[in-house]
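[1] would you be able to build a 3D model of this:
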Amino acid sequence: MTTMTTSETETYGGDDYIGRPWLYADTADDALRRLCRAIDLPAEGWERPEHAYRVIGHLISAVQRVPEVLACTDYLIAQESEITVPGADDPKAELLALYDEIRTAQAAARETTAALGRVHAHLKDLKSHDG
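    Numbers count the residues shown, from 1 in each chain. Here you go, the predicted model:
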């Protein structure tokens, strides 16, 4: 697993983020929400196909990281010696189902990355008449 350096954590909130990995996910969620709002209206930096090309390229980078986050989730759960699943008749079966869902989500993220890559490739060749 990768450990972030001090300079990397300073970029995203410094000491407030150390030991609180969900804050990074919250920051990513907030950034995507703000992105959707910014491009919903005509805005500087979102006027030509080249702008979409750049945004999609960054989204590809973000989505490429999802399988690793899921792998870390899998690892985290596997390290627990005793996990209970309240209300489950067969906790082991529930955990196996969870691991299966993690692998399904990883495959979906990889397919999403590939699909975004195809969109990105098509956007590369588009040019606006005024650009």
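
[2] now do the buried residues in stretch 98-114.
    Judged by neighbour count (16 or more other C-beta atoms under 10 Å), stretch 98-114 contains these buried residues: Ile102, Gln106, Ala109, Thr113. C-beta here means a position set from N, CA and C on the backbone, and glycine is covered the same way.

[3] show me where pLDDT drops low in the protein?
    In the predicted model, the chain carries pLDDT under 70 at residues 1-13, 128-131.

[4] helices of that one, residue ranges please.
    Under the criterion DSSP state H, the chain contains helices at 6-11, 22-40, 49-64, 66-78, 91-124.

[5] can you tell which of these is closest to Thr84?
    Using C-beta to C-beta as the measure, helix 91-124 is the one of these that comes nearest Thr84, at 6.3 Å.

[6] now find how far off-centre that closest one is within its chain.
    Chain-centre distance of helix 91-124: 11 Å, with C-alpha atoms, centre = their mean, to the nearest Å.

[7] and of the buried residues of stretch 98-114, the nearest to Ala78?
    The shortest gap between Ala78 and any of the buried residues of stretch 98-114 belongs to Ile102, at 10.4 Å (C-beta to C-beta).

[8] so who does the closest one touch?
    By C-beta atoms under 8 Å, 6 or more residues apart in numbering, Ile102 lies in contact with Leu70, Ala71, Thr73, Asp74.

[9] what would these look like in JSON lines with neighbour count and distance to Gly117?
    JSON lines is the format used below for those (neighbours: other C-beta atoms under 10 Å; distance: C-beta to C-beta, whole Å):
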{"residue": "Leu70", "neighbour count": "19", "distance to Gly117": "19"}
{"residue": "Ala71", "neighbour count": "14", "distance to Gly117": "21"}
{"residue": "Thr73", "neighbour count": "15", "distance to Gly117": "24"}
{"residue": "Asp74", "neighbour count": "15", "distance to Gly117": "25"}
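
[10] picking up where we left off before, just send the buried residues of stretch 98-114 back as JSON lines, with distance to Arg34 too.
    Converted to JSON lines, these look like this (distance: C-beta to C-beta, whole Å):
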{"residue": "Ile102", "distance to Arg34": "28"}
{"residue": "Gln106", "distance to Arg34": "27"}
{"residue": "Ala109", "distance to Arg34": "22"}
{"residue": "Thr113", "distance to Arg34": "22"}
